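Novice: What would the 3D arrangement of this be:
(one chain, ligands or ions: 1)
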Amino acid sequence: MPHRLDLPAGFRWGASTAAHQIEGAVDEDGRGPSVWDTFAARPSTVRDGHTGAVACDHYHRYPEDIALMKGLGLDGYRFSVAWPRIRPTGEGAVNPAGLDFYDRLVDALLAAGITPLPTLFHWDLPQTLEDAGGWLNRDTAYRFAEYTAIVADRLGDRVPAWITLNEPFVHMVYGYALGIHAPGRALMLDALPVAHHQLLAHGLAAAALHERGLDVLIANNLTPVWPASSADADLAAAQAYDVLHNRLFTDPLLLGRYPDLSAYGVGPDLGGSVHDGDLKLITATPLDGLGVNYYNPTRIAAPTEPGLPFAEAPIEGVPRTAFDWPVVPDGLRELLTGLRDRYGAALPPVTITENGCSTTEELDDTFRIDYLAGHLDALAAAVAQGVDVRGYYTWSLLDNYEWAEGYHQRFGLVHVDFETQQRTPKASYAWYRDLIAVHRARNVKRGW
Ligand code: FCB
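Specialist: Down below sits the predicted model:
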């Protein structure tokens with residue numbers, strides 16, 4: 001019996017991927033190297049030395065993948081554009097073959113009745129820009145705006161809405177503070193300018209998109225923060241974590257100011273990176289929608305050692321994914337109602353731009369079905385409580401290259417055999433297809 005959900009008419013169903021996780025073809029048609037190629041080539045960075053050189057070979061197999069999307073009945077497909085395919089060194093000459101690829105992809109999606117929802121930056125910075133400081137360098141924001149204009153000029157006649165950045169928090173923390181992801185810098189709090197330069201890049205790109213009549217979103221990784229106890233020290237730690245993970249990347253966009261970072265010993269200029277007028281640039285183009293990537297809540301306790309003003313505490317007594325992430329579906333309702341309570345009228349319509357889980361199940365992935373069903377119930381509960389949620393894009397269409405975990409974490413509705421590139425829909429694929437069909441039919445009936 002397909003799952004029944006009470007969601008608004010016009011609710012959009014989708015699936016998400018990212019360029020470096022699926023495309024492969026890293027040396028083809030003039031693509032330049034990205035930070036992920038360089039990082040993965042270094043020893044002991046990615047599990048088992050896996051690289052994204054081939055991934056799902058989507059660069060060549062995209063027609064087959066679009067057929068799979070069509071089979072699901074998707075309204076929309078979120079993918080990312082690889083900056084190093086468009087401008088191999090991040091500046092200077094444009095690579096026409098790179099633009100041609102996304103042109104073909106967009107046309108094939110539209111022919112299948114699927115709306116393309118591109119993300120302009122999903123972590124694969126051109127290596128040349130990293131060599132000049134990457135996101136620690138303010139210039140990268142201006143290069144991003146130029147690249148955005150180039151892509152929008154080519155595809156904007158067919159692509160109505162764009163996501164500027166994917167998860168600037170995760171990119172800053174994993175890429176520049178801890179060094180777990182590319183570019184592998186371990187700067188701890190000295191990574192904070194990366195937050196501001198990404199937000200500045202968003203603001204400049206958003207202006208370029210709006211000038212062309214296009215809608216603008218950002219995809220933020222957000223988490224409900226649970227204090228480990230009601231002790232003052234745990235509450236203060238939880239508040240400090242919330243500032244870093246959630247508010248640092250959302251307050252400037254919606255409220256036009258940075259949150260108080262004094263718990264980190266950092267002033268409002270984020271290590272000198274915020275120049276006069278920057279916050280105006282960041283908010284000058286209001287978001288048409290907020291993309292929310294939700295995976296799990298975070299439990300936070302007072303720190304036990306000097307350094308950061310918080311420590312992560314385990315969430316016990318809930319199922320865990322293959323990645324060992326706790327499964328808390330109601331966290332999505334809590335997050336969405338919390339956003340509405342925090343930002344009120346400043347909160348634009350929300351779209352879930354990622355949600356899903358990795359499991360070790362091959363094809364009969366009942367764990368994933370339970371995960372998705374639980375989270376969609378929580379989403380419907382948030383809608384019933386008055387939050388304006390317009391769509392849900394599950395992560396992910398295909399098993400793919402899961403960054404530092406290589407090919408070990410499988411998040412797909414479709415199984416990929418990385419030896420043969422054979423795609424096989426899992427049980428969750430059929431479940432999602434039926435859910436979409438039932439929901440659409442109910443909406444039509446209500447329209448009578
Ligand atoms: C998110 C990333 C996405 C994928 C999922 C599992 O943080 O945006 O690329 O890796 O996690």
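Novice: What residues does this protein have near the ligand?
Specialist: Within the chain, the positions adjacent to the ligand are Ala18, Gln21, Asn166, Glu167, Val170, Asn221, Asn293, Glu354, Trp395, Glu402, Trp403, Phe411 by CB under 6 Å from any ligand atom. The C-beta positions use only the backbone N, C-alpha and C, and glycine is treated the same way.
Novice: Pick out whichever of these sits closest to Pro84.
Specialist: Ala18 (13.4 Å; CB to CB).
Novice: How about that closest one: what's its closest non-neighbour residue?
Specialist: His122 (3.9 Å; CB to CB, 6 or more residues apart in numbering).
Novice: my read: the one you found touches Val170, true?
Specialist: No: taking contacts as CB atoms under 8 Å, His122 lies outside contact range of Val170: 10.5 Å.
Novice: more neighbours, those two?
Specialist: More crowded of His122 and Val170, by other CB atoms under 10 Å: His122, with 24 against 18.
Novice: And that one, what's its pLDDT?
Specialist: Residue-level confidence at His122 comes out at 99, pLDDT.
Novice: tell me the contacts of it?
Specialist: Residues counted as contacts of His122 (CB atoms under 8 Å, 6 or more residues apart in numbering) are Ala18, Ala19, His20, Gln21, Ser80, Asn166.
Novice: any weak-confidence spans in the stretch 301-448 of the chain?
Specialist: 444-448 (pLDDT under 70).
Novice: I would like the residues contacting stretch 136-144, please.
Specialist: Counting by CB under 8 Å, 6+ apart, 83, 87, 90-91, 120-121, 125, 129, 132-134, 176, 185, 191, 193-194, 197-198, 200-201, 204-205, 273 sit against stretch 136-144.
Novice: redo that, cut-off 7 Å
Specialist: With contact meaning CB atoms under 7 Å, 6 or more residues apart in numbering, stretch 136-144 is reached by 90-91, 121, 129, 132, 134, 193-194, 197, 200-201, 204-205.
Novice: Can you flag the buried ones in these?
Specialist: By neighbour count, with 16 or more other CB atoms under 10 Å, the contacts of stretch 136-144 hold 90-91, 121, 129, 132, 134, 193-194, 197, 200-201, 204-205 as buried.
Novice: Take these and keep only those in strands.
Specialist: When DSSP state E is applied, these are split such that Phe121 fall in strands.
Novice: Just list the residues touching the residue positioned nearest the centre of the chain, thanks.
Specialist: Closest to where the C-alpha atoms of the chain average out (CA atoms, centre = their mean) is Asn166, at 4.0 Å. Applying CB under 7 Å, 6+ apart to Asn166 gives the contacts Ala18, Ser80, Thr119, Phe121, His122, Trp123, Ala219.
Novice: what does the model give it for pLDDT?
Specialist: 99.
Novice: Next, give phi and psi for it.
Specialist: In terms of degrees, to the nearest 10, the main-chain angles of Asn166 are phi -100, psi 120.
Novice: Find the residue closest to it in space, skipping its chain neighbours.
Specialist: His122 (4.2 Å).
Novice: Distance of that neighbour relative to Val35?
Specialist: 12 Å (CB to CB, to the nearest Å).
Novice: now the closest residue to Gly203 other than its chain neighbours, what's its secondary structure?
Specialist: Nearest-residue entry for Gly203: Ile282, 3.9 Å, with adjacent residues in sequence omitted and distances by CB to CB, 6+ apart. Applying DSSP: H, G, I helix; E, B strand; the rest coil to Ile282 yields a three-state assignment of helix.
Novice: how close does Ile282 get to the ligand?
Specialist: Going from Ile282 to the ligand by CB to the nearest ligand atom, to the nearest Å gives 21 Å.
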